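> give me the fold of what follows.
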Amino acid sequence: MSLHRLAVLFWKDMRYGSRNVIFIFAVVLPVALSLAVSLLFGSLFSETPKLGIVDAGGDSALAAALSDADFLFVTQFNAESDLFAALQTGAVEAGLVLPTGFDAALRDGTARELTIHVWGQTLIRNRAILSAAISEQVLALSGRATPIDVEIVPLGDGVALSWQARLLPFVVLMSVVVGGVMVPASSMVDERQHRTLSAISITPLAMREIYLVKGFTGGVLALFSGFVTLSLNGGWGPQPLLLFGVLGLGATFAAAFGVFLGTMIKDVQTLFATIKGLGLILYAPGIIAVFPDLPQWLAQIFPTYYIMHPVMEISQNGAGLGDIAIELVVLAVLTALMIFGLGLTAERLQTQIAA
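As a prediction, this is how the structure comes out:
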């Protein structure tokens, strides 16, 4: 295997393949979807955490200090019922109830706990910002170190998610699949239709090298698409290196599957029909995630779940390697089996072309 030949093939794919409609679609899709979701349901241009406060006494210095913070969007409510209603509709991400005389209790040490109510899947980043801001102001007002415990309590049954949180798994999955599957598959089909693969029978080039380059191109595009989607939606979470590694493994699986499709299919029309038919299997985990009332275990039936779920667990819930170990093992096994199958297919196709 020659690195020089691989580099030449990759440059040829990037130079001429980038003119292909599917290639352009794979690059533009994640940006377009992310912008649409963020503009319609999210806060692309306003990432400021939203806090609601009920100040029972009406004169709390803590409420005033938080309202003056330029990195928070604070709304004052007259009653707890109004605050909880706002949490249920997503008007605020977190709620704080300050009883009458809270400041005095804080200064004399009788206030021991302060509860922050959150609703749905508030971004872990925003929860951290809100908790840190409240803790900082409590310390400043009390003049004592760690005067009280700040506790974050999820409000509701956990299924009332914002539409941005519901759609993000589907957008991430589609971005990875389009770049990783469709680009190498269409490129392989195009090579077969133009009979350029037949030329390898009179050159030192091996079919495995072509597979490797096609897969690498698809993997790079899938990784790029996932990167852009998560970046535009503020979804990198507290462990970006782990998330990038998981995204890379998912991109490898998608690219290997794309090369396999391109090897099995002989024309573009059949390719599009096949991908359309496989759409439910490929995107089913993302579709199920959009409707949290559905049994979420159904998504585990589909292979692409093991790409989407670890990515979203790290991004939205701050999961560590131990939390997603089982899913990663399944994804690694699926990827290894796909690559092994491609190796066998490469030898068979090499023999057919040579004959």
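> let me see the ranges of the strands in this structure.
For the chain, the strands defined by DSSP state E occupy 50-55, 73-77, 94-98, 113-119, 149-155.
> which residues sit against the first one?
Around strand 50-55, the neighbours that count as contacts under CB atoms under 8 Å, 6 or more residues apart in numbering are 63, 66-67, 72-80, 82-83, 86-87, 91-98, 130. For the C-beta atoms, the positions are set from N, CA and C on the backbone; glycine is no exception.
> residues touching residue 129, list them.
Each residue near residue 129 by CB under 8 Å, 6+ apart is listed here: 49, 71, 72.
> one more pass at 10 Å, please.
By CB atoms under 10 Å, 6 or more residues apart in numbering, residue 129 lies in contact with 47, 48, 49, 51, 69, 71, 72, 93, 94, 123.
> and what of residue 243?
Residue 243 makes contact with 226-227, 230, 235-237, 310-315, 319, according to CB under 10 Å, 6+ apart.
> what about 6 Å?
By CB atoms under 6 Å, 6 or more residues apart in numbering, residue 243 lies in contact with residue 314.
> next one: it from residue 316, what distance?
Per CB to CB, to the nearest Å, residue 243 is found 11 Å from residue 316.
> neighbours around the closest residue to residue 290 other than its chain neighbours, how many?
Leaving aside its chain neighbours, residue 290 sits nearest to residue 166 (4.8 Å; criterion: CB to CB, 6 or more residues apart in numbering). Using other CB atoms under 10 Å, residue 166 is surrounded by 19 other residues.
> ditto for residue 169
The tally of other residues near residue 169 (other CB under 10 Å) stands at 24.
> residues in contact with it?
286, 289, 308, 312.
> quick one: least confident helix or strand in the protein?
Least confident helix or strand, the chain: strand 149-155 with a mean of 58, by mean pLDDT, DSSP states H and E.
> could you pull out the helices for the stretch 251-355 of the chain?
268-290, 305-317, 325-354 (DSSP state H, counting those that start in this stretch).
> equivalent analysis for the stretch 101-250 of the chain, please.
According to DSSP H, counting those that start in this stretch, the helices that the stretch 101-250 of the chain contains are 102-108, 124-142, 163-177, 183-193, 207-232, 240-264.
> quick one: mean pLDDT for the last one?
Translated: helix 240-264. Across helix 240-264, pLDDT averages out at 93.
> show me which of the contacts of residue 169 is closest to residue 111.
The nearest member of the contacts of residue 169 to residue 111, counting by CB to CB, is residue 312 at 37.3 Å.
> so who does that closest one touch?
Taking CB under 6 Å, 6+ apart, we find residue 312 in contact with residue 169.
> same deal with residue 76?
residue 53.
> okay, it: pLDDT?
92.
> how many other residues sit next to the closest residue to residue 237 other than its chain neighbours?
Closest residue to residue 237 apart from its sequence neighbours, by CB to CB, 6+ apart: residue 315 at 4.6 Å. Residue 315: 27 surrounding residues under other CB under 10 Å.
> what of residue 349?
19.
> OK, contacts around it?
Applying CB under 6 Å, 6+ apart, we find residue 349 in contact with residue 207.
> now it: how far from residue 206?
11 Å.
> same thing with residue 55?
Counting by CB to CB, the gap from residue 55 to residue 206 is 73 Å.
> any stretches of the stretch 251-355 of the chain with poor pLDDT?
Within the stretch 251-355 of the chain, the stretches with pLDDT under 70 are 350, 352-355.
> quick check, pLDDT for residue 26.
Note for residue 26: predicted pLDDT of 81.
> quick check: beta-bridge partners of the residue nearest to residue 66 when sequence neighbours are not counted?
Nearest in space to residue 66, with sequence neighbours left out and distances taken as CB to CB, 6+ apart, is residue 74 at 5.5 Å. When bridges are called by DSSP bridges, residue 74 pairs up with residue 51.
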